[in-house]
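Colleague: Give me a model of this one.
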Amino acid sequence: MIKVAPSILSADFVNLERDIQKVSSADYLHVDVMDGCFVPNITIGVPVVQSIRRCTGMFLDVHLMIDKPLRYIEDFAGAGADLLSIHLEADHPSRIAQALAEMGRCGVKKAVALRPITSASAILPYIEQLDLVLVMTVEPGFGGQAFLESQLETVRQVRAMIEKYNPACELEVDGGISPKTAPAVTAAGANVLVAGSAIYGAEDIPGAIRALRG
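Modeller: Residues are numbered from 1 along each chain as shown. Okay, the predicted model is just below:
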């Protein structure tokens with residue numbers, strides 16, 4: 001089954017609760033946290049995640065595009081995240097391992113994320129403990145970018161590793177996902193699709209979610 005995770009990066013932040021309710025038929029709610037260091041953009045932090053948690057019962061898929069994420073695992077878990085994804089490029093491998101251990105201690109699902117520059121094999125030291133792997137199909141930092149077809153091979157490679165080492169792990173893709181690109185990424189092995197403008201820019205939001213599920 002294909003799951004859809006609307007990204008609130010494309011929502012109207014003046015009416016964020018309203019726009020979260022508009023996507024309530026989706027499976028996950030994708031929350032992009034950017035610190036202006038790991039990526040050249042700043043979005044939201046712990047207080048906003050706390051507010052989102054108070055206004056929805058949706059599964060909160062919180063994507064930490066931040067440097068040295070270990071520092072903030074407990075805070076975002078306490079704010080109400082159900083899953084935290086951290087970038088393998090954001091810290092030393094030993095600290096990534098510590099961050100994943102901290103997620104376990106805090107009771108949130110564990111995920112790692114890969115930028116387009118990162119090899120699929122980078123997940124291997126962690127794969128057996130993960131609940132999800134996130135493959136970026138754009139360079140992280142800004143919404144509305146064009147889908148990178150070169151990342152389909154990374155998706156295929158990650159799917160093969162998941163099937164070999166941890167079949168229960170989900171495979172999420174994020175970046176340039178639309179009804180046009182979704183069939184290619186699902187054929188490559190993805191089962192969770194993050195989409196921002198393709199959903200929030202649609203006249204019929206529930207219909208856009210259904211279209212992504214295929």
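Colleague: Could I get the full set of helices for this protein?
Modeller: Per DSSP state H, the chain carries helices over the ranges 16-22, 46-55, 73-79, 93-106, 151-165, 182-188, 197-200, 205-213.
Colleague: Of these, which stretch is the most buried?
Modeller: helix 197-200 (a mean of 22; mean count of other C-beta atoms under 10 Å). C-beta: built from backbone N, CA, C; applies to glycine.
Colleague: which helices and strands does it pack with?
Modeller: strand 3-6, helix 205-213 (3 or more C-beta pairs under 8 Å, 6 or more residues apart in numbering; DSSP states H and E).
Colleague: The ones you listed: which one's closest to residue 62?
Modeller: Of all those, strand 3-6 sits nearest to residue 62, with 10.8 Å by C-beta to C-beta.
Colleague: For the closest one, name the packing helices and strands.
Modeller: Using 3+ C-beta pairs under 8 Å, 6+ apart, the elements in contact with strand 3-6 are strand 28-34, strand 192-195, helix 197-200, helix 205-213.
Colleague: what pLDDT, on average, does the longest one get?
Modeller: What that stands for is helix 205-213. Average pLDDT, helix 205-213: 96.
Colleague: what's the spacing between that helix and its chain's center?
Modeller: Taking the mean of its C-alpha atoms, helix 205-213 sits 18 Å from the chain's own mean (C-alpha atoms, centre = their mean, to the nearest Å).
Colleague: Next: stretch 134-151.
Modeller: Chain-centre distance of stretch 134-151: 12 Å, with C-alpha atoms, centre = their mean.
Colleague: Just the buried positions in it, please.
Modeller: Within stretch 134-151, the residues that count as buried by 16 or more other C-beta atoms under 10 Å are 134, 135, 136, 137, 138, 140, 141, 143, 147, 148, 151.
Colleague: And for the residue nearest to the first one when sequence neighbours are not counted, the neighbour number?
Modeller: Same thing as residue 134. In space, and not counting its chain neighbours, residue 134 is closest to residue 113: 3.9 Å by C-beta to C-beta, 6 or more residues apart in numbering. A count of nearby residues for residue 113, using other C-beta atoms under 10 Å, gives 23.
Colleague: how much space is there between residue 113 and residue 61?
Modeller: 11 Å (C-beta to C-beta, to the nearest Å).
Colleague: shaky segments in this protein?
Modeller: Within the chain, the ranges that satisfy pLDDT under 70 run 142-144.
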